[in-house]
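Novice: sequence first, then the predicted structure, then my questions.
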Amino acid sequence: MKASTSLIALVLAMLAAGVQAQPVRIKDLGKISSSRESGLVGYGLVTGLAGTGDSARNKATRQSIANMLARFDLAIASDDIQSRNVAAVMVSAKLATYSRPGDTLDVTVTSIGDARSLVGGSLLLAPLKGPDGNVYALAQGPLTVGGYRYDANNNLVQKNHPTVGLISNGASVEVGMSVPEERPSVESLMFVLHDADFTTAGRIADAINELAGAGTAEVRDAAGIEIRVPAASRKQVPTFMRRLEALAVQPDRHARVVVNERTGTIVTGGDVRIAKVAVAYGNVTVTVASETYVSQPMTYGRTGQGVRTEEVTNSTLTVEDTPSSKFIPAGGTTVADLVQALTALKTNTRDTIAILQAIKAAGALHADLIIQ
């Protein structure tokens, strides 16, 4: 925990040292509103599992196996299929706006039955459908699973999540997004920011107007910038956008402190300000020591009815309250300075998180505190 606190303090110190952020390309800050990904989903079977597939209780899996075999002229009733080397899965992928037939997509495969693991399995050919019900891609191939699960004789060893797998470039696009053969004349485009911010949108509009002429770009809202395509470029929009995407601006950012209590992680900008505030913290340690011994009846003579050996446990409770330490930052202090000071006082990460929460509640933390 001390090492984690030291690492946080080191990162924040680097941020607070005045390291200026580099300008960012416009293409990394947003996208054209017409550019979007469409979700694809399908149902399939993963075969080749080493006894870790769906059990006989999954009727859907047995019926799917029977249907698959029927396509190869093998008529087998679903009740006669008992294989645990097969698992029923859902297959999902993302189809980009400019996908063409023959392009490949990454595929995610998830178990929908009671399979214990998909390690070593291979997905049979599965059609992937869009929201309109049409088939846009076909997926198949061996799975990559970042985990495992082995159990025997009531002993279980598991790492990560073995019922979810990936197939890199596992789907082939059969039907791409419709693209007209002739390039239409485009008069305007809407550029949408990933993170809505009026300041960043204004800087992007200023940069575009400086390159393409006044009035080319206009901020519509915190996330949208309307770009009027010059008449000479309306049939060569890709060339015009290539010039705009190369522009670099300095994005503005919201003051945020992100805290993950489960992992003890704190992420913040080095310039997040804290008003003048006094911080006092202390540690209360509660120790419970238990000692168990056996009460054995006397062995001389005969004991009475109901007399038997008993286990007796005695507990000792100790409460230790260590003296609290104090830290009073000066006006204009940053979160980085506060964490450095707390690290010097050997404050662990959990206490640092609690202190940040208390400072926010006191109205002295001038940033959004996000607890994950």
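Specialist: Structure's in. What do you need?

Novice: count of neighbours near Leu128?
Specialist: Number of residues near Leu128 (other CB atoms under 10 Å) recorded here: 25. For every residue, glycine as well, the C-beta is placed using N, CA and C.

Novice: now swap in Ala358 and tell me
Specialist: Other residues close to Ala358 by other CB under 10 Å number 15.

Novice: could you shift the numbering so residue one becomes 587, and keep it that way?
Specialist: Understood, numbering begins at 587; the last thing we discussed is Ala944.

Novice: buried ones in the strand or helix carrying it?
Specialist: Using DSSP states H and E, Ala944 falls within helix 935-947. For helix 935-947, the neighbour count (16 or more other CB atoms under 10 Å) marks 935, 937-939, 941-943, 945-946 as buried.

Novice: for those residues, which one is nearest Pro748?
Specialist: Thr935 (30.7 Å; CB to CB).

Novice: wait, the closest one touches Val845, no?
Specialist: No. In this structure, Thr935 is not within contact of Val845 by CB atoms under 8 Å, at 9.7 Å.

Novice: overlap in contacts of these two?
Specialist: Common contact partners of Thr935 and Val845 (CB atoms under 8 Å, 6 or more residues apart in numbering): 851-852.

Novice: that's a strand at Gln649, yeah?
Specialist: No. Assessed with DSSP: H, G, I helix; E, B strand; the rest coil, Gln649 is helix; it does not lie in a strand.

Novice: and it, how far from Ile698?
Specialist: 13 Å (CB to CB, to the nearest Å).

Novice: swap in Ala679?
Specialist: Using CB to CB, Ala679 is found at 16 Å from Ile698.

Novice: neighbour count for these two, which is higher?
Specialist: Ala679 (23 against 15).

Novice: show me the beta-bridge partners of the more buried one.
Specialist: Leu626 (DSSP bridges).

Novice: residues touching it, list them.
Specialist: Taking CB under 8 Å, 6+ apart, one finds 625-626, 691-694, 714, 723, 725, 757 in contact with Ala679.

Novice: how about those residues in JSON lines, adding secondary structure, pLDDT and distance to Gly616?
Specialist: Output for these, formatted as JSON lines (DSSP: H, G, I helix; E, B strand; the rest coil; pLDDT from 0 to 100; distance: CB to CB, whole Å):
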{"residue": "Gly625", "secondary structure": "strand", "pLDDT": "90", "distance to Gly616": "21"}
{"residue": "Leu626", "secondary structure": "strand", "pLDDT": "94", "distance to Gly616": "24"}
{"residue": "Leu691", "secondary structure": "strand", "pLDDT": "92", "distance to Gly616": "23"}
{"residue": "Asp692", "secondary structure": "strand", "pLDDT": "93", "distance to Gly616": "23"}
{"residue": "Val693", "secondary structure": "strand", "pLDDT": "94", "distance to Gly616": "27"}
{"residue": "Thr694", "secondary structure": "strand", "pLDDT": "93", "distance to Gly616": "26"}
{"residue": "Leu714", "secondary structure": "strand", "pLDDT": "94", "distance to Gly616": "28"}
{"residue": "Ala723", "secondary structure": "strand", "pLDDT": "94", "distance to Gly616": "27"}
{"residue": "Ala725", "secondary structure": "strand", "pLDDT": "95", "distance to Gly616": "30"}
{"residue": "Ala757", "secondary structure": "strand", "pLDDT": "93", "distance to Gly616": "27"}
